[in-house]
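Everything below, folded, please.
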Amino acid sequence: MTKATATCLLATLAGLAPVALTPAALADEVVAIVQQDNAFRWVPGEMIVKFADQPTDQAMRAIETELGTPITWRSLQHAPHYKGDPTRPHPLSFYRIAEVDPAIDVQAGAAFVGQLAGVAWSSTNNIPEPTLIPNDPMYNQQWAPDRIHAPDGWDVSLGSHDVIVSSIDTGTVLNHEDLISANWVNTGEIPANNIDDDGNGFIDDVNGWDFVRNNNQVNDVFGHGTQVAGIMSAAINNGVGVAGMSNTTVMHVKWWHTSGSDASVAGSAFYSVDNGARVLNMSLSGGGGLPLTEEAMDYAEANNVLSVAAAGNHGGQSRQFPSGYDNVMAISGININNLKPGFSGWGDHIDVAGPTEGILSTGPGGPTNYDPGFSGTSAASPHVAGVAGQILSINPDLTAVEVRAIINDTAEDVGDPGFDLFFGNGRVHHGAASAAAVSDCPADLDGDNDVDSNDFFAYLDAFANGDIDVCDIDGCQDCDADDFFAYLDLFAAGC
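Numbers count the residues shown, from 1 in each chain. As a prediction, this is how the structure comes out:
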């Protein structure tokens, strides 16, 4: 490209420049949540560039020369390698953020860069929205758990902290009384020693990571993430506050502080997968596509991690993202009257609906604060992600595909009979999903998906009392030596 051509291109790009939005303006806009169907915005002066090969300084300088404007290149922080394969580079190592003059139309610039040699694709760094409709001010005040039959699920299991559900959100109040037992702790890190002790690519990430400010501070200044975490994992039966969906562990990863983008969502998702999450909850949406996040969803799928996302608060049928991607569960909203709220997204991509409007959850106002007014599909999504965590607590051997199928297959039909565009397969059913997750193993008598001494002594007790429903292993309608030795064989096999 000649200098004259480059100058002409820059003039064209500048002439198409979008209106720049300050972080404060972005935050104000999020609170308002006035989002048009299919509308989207992007970070001024930023493009996401995926290189065909891991980029060299020479390759980046070549793009700067072709574009004819100074570029500041920023890498995306990530783990040292692909999860479980030290010989394979991490997917994010192929990406860079190109920072240019905010006056340049990065939509046109990204389209131009995407055509250059050595570039796989390029995109604006699009801005999704946290999908809440806030309303500022304990179990008997929560309408949602009973509506989705959570007590039936809790009769099967209260959950397991061995299962990690990632809240890709705005952080949390780490010392909240109803969340403190659920918070993920990276035991491989020594706090505040400024060393990446566990070698995961992040220094002192004891409680997670902030992908906006690129630091280890996951404090919630917005409130949204604390409410989402409470719906999923506020401690059950602890005599305090509210009850979440399951006693799982919550990993707090921030994609939003006073701003956020496709890159911060994707970074959060990659981090979550690399650090052991089994479920990702994304109470956020954007209408213009999130191409880097789409690759992160593919990475999650490849590593047997279930992705769950809000359908959006645009009130329309068009797909919002990331819930619009086929490998992400799309969750619409359903209110206490079994109706779709006007704000909820809908369409043929919806998996199930989750409760929304007037959801009581942990609040951002301090360690004992609770907020009764959480609404939006942001509230619907964590109900489903929490049930996914519950299913994996009961049966951790299930795949992400199987967990998704259980949630869809056990959903309670509401609205029009069968699959419908408002609620998909129906309203999530905590109790039926929990029951469907129980291991089909005759030796696992207590249903905790673990064959241990508790099961053995339970069988001995049933055998001694002639409890045919339990001790009749061979189906002969009696309890005899054949049944006893058959159970011993099952117990030894650990079925």
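
Report the residue ranges of every domain in this protein.
3-126, 139-437, 453-493 (automatic domain parsing).

pretty sure Y325 is touching E295, no?
No: applying Cβ atoms under 8 Å, one finds Y325 not in contact with E295, separated by 10.2 Å. In this view, the C-beta of every residue, glycine as well, is placed from N, C-alpha and C.

hang on, the earlier thing: go through the domains of the chain and pick out the most buried.
domain 139-437 (a mean of 23; mean count of other Cβ atoms under 10 Å).

Let me know the average pLDDT across that one.
For domain 139-437, mean pLDDT is 95.

distance between the ends of that domain?
Start and end residues of domain 139-437 are separated by 25 Å (Cα to Cα, to the nearest Å).

What's the first helix or strand after the longest helix along the chain?
For the chain, the helix with the greatest residue count under DSSP state H is helix 377-394. Later in the chain than helix 377-394, the nearest helix or strand by DSSP states H and E is helix 400-410.

what about the helices in the stretch 51-200 of the chain?
57-67, 106-113, 144-147, 150-156 (DSSP state H, counting those that start in this stretch).

Between the ones you listed, which one is closest to L174.
Of all those, it is helix 144-147 that lies closest to L174, at 24.4 Å by Cβ to Cβ.

my guess is H224 contacts D169, does it?
Yes: counting by Cβ under 8 Å, H224 touches D169, with 5.9 Å between them.

Spatially nearest residue to D198, not counting backbone neighbours?
Closest residue to D198 apart from its sequence neighbours, by Cβ to Cβ, 6 or more residues apart in numbering: G188 at 3.0 Å.

what sits against that neighbour?
Taking Cβ atoms under 8 Å, 6 or more residues apart in numbering as the criterion, G188 is in contact with 197-198, 200.

Adding distance to M232, write those out as JSON lines.
Shown next, in JSON lines, are the contacts of G188 (distance: Cβ to Cβ, whole Å):
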{"residue": "D197", "distance to M232": "28"}
{"residue": "D198", "distance to M232": "25"}
{"residue": "N200", "distance to M232": "23"}
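
re the thing from before, run the chain-centre distance for the longest helix of the chain.
9 Å (Cα atoms, centre = their mean, to the nearest Å).

mind checking how far the nearest residue to D204 once chain neighbours are set aside is from W256?
Counting by Cβ to Cβ, 6+ apart, D204 lies nearest to N216, which is 4.9 Å off, once chain neighbours are set aside. Noted for N216: a distance of 16 Å to W256, by Cβ to Cβ, to the nearest Å.

go on, F422?
28 Å.

Against I104, how distant is the residue nearest to I71 when sequence neighbours are not counted?
Distances taken as Cβ to Cβ, 6+ apart put E64 closest to I71, at 4.6 Å, once the chain neighbours are dropped. Taking Cβ to Cβ as the measure, E64 and I104 are separated by 13 Å.

Return, as residue ranges, the portions of the stretch 1-150 of the chain with sub-threshold pLDDT.
Judged against pLDDT under 70, the low-scoring parts of the stretch 1-150 of the chain cover residues 1-40, 129-137.

Since that was my last question, I'll sign off now.
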